[in-house]
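Visitor: please work out how this folds:
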Amino acid sequence: MPALPAMSLAVKPDWIDEYGHMNAAHYVGVFDRHGFELLGRYGVGADYTRQTRCGIYTMNIHVAYLREVLAGDPLELRLRLLEADDKRLLCLMELIQARDGYLASTMEQLSLHVDLETRRAKPFPAEVAARLAGAAQDHAQHSLPEGYRRLLPLKRA
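Guide: Below you'll find the model as predicted:
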């Protein structure tokens, strides 16, 4: 079973708020910026956007703040593709405090593939759609975080 894509980072001092822990906005920033880097492994990152003038727009997110992290704490960000169709991608990102091994936060993210010239939704190229669907199948072999329940649908009801 292939491992979930992950990267290591640490809580920067300027991410800390008046309460002495990482501010909520920085969690979203980490998920957005570094999660996008991890998505590049599946062909929808910055290189893809430069080459095709297409990209993925965030349509909806749900962030769960589970435990605080402090300045200097080592973090591991994991990306899990939950589901994909011809135009949409649903991911779950997990932020783990790596020293003590606890799940600090999750972010579920629904994204839409968009042509940046027309600013309209557009199907993924067939090879990208197949890669995303395959990754979602691979990632489904991994247990979901304890207590997690999916909130965002891939498509509107």
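Visitor: strand partners (parallel or antiparallel) of the strand ranked longest in the chain?
Guide: Within the chain, and with DSSP state E defining each element, the longest strand by residue count is strand 102-115. The pairing partners recorded for strand 102-115 under DSSP bridges are strand 54-65 (antiparallel), strand 88-97 (antiparallel), strand 120-121 (antiparallel).
Visitor: among the ones you listed, which is the most enclosed?
Guide: Most buried of the strands paired with strand 102-115 by mean neighbour count (mean count of other CB atoms under 10 Å) is strand 88-97; its value is a mean of 23. From N, CA and C alone the C-beta is placed, and that goes for glycine too.
Visitor: distance between that one and the chain's centre?
Guide: In this view, strand 88-97 has its centroid 4 Å away from the chain centroid, taken as CA atoms, centre = their mean, to the nearest Å.
Visitor: try stretch 16-34
Guide: The mean C-alpha position of stretch 16-34 is separated from the chain mean by 15 Å, CA atoms, centre = their mean.
Visitor: CA atoms only: put that stretch into CSV for me.
Guide: Coordinates of the C-alpha atoms in stretch 16-34 are reproduced here as CSV (Å, rounded to 0.1, in the frame of the first residue of the first chain):
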residue,chain,number,x,y,z
ILE,A,16,1.6,32.4,17.0
ASP,A,17,-1.3,34.5,18.2
GLU,A,18,-2.1,36.3,21.5
TYR,A,19,-3.1,33.0,23.1
GLY,A,20,0.4,31.5,22.6
HIS,A,21,-0.6,29.0,19.9
MET,A,22,-0.8,28.8,16.2
ASN,A,23,-3.5,31.1,14.8
ALA,A,24,-6.4,29.6,12.9
ALA,A,25,-5.6,31.6,9.7
HIS,A,26,-2.2,29.9,9.6
TYR,A,27,-3.6,26.4,9.7
VAL,A,28,-5.6,27.3,6.6
GLY,A,29,-2.5,28.9,5.1
VAL,A,30,-0.4,25.7,5.7
PHE,A,31,-3.2,23.5,4.3
ASP,A,32,-3.6,25.7,1.2
ARG,A,33,0.0,26.5,0.4
HIS,A,34,1.7,23.2,1.3
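Visitor: contacts for it?
Guide: With CB atoms under 8 Å, 6 or more residues apart in numbering as the test, stretch 16-34 has contacts from 7, 9, 11, 15, 58, 61, 63, 65, 68-71, 73, 75, 77, 93, 95, 105, 107, 109.
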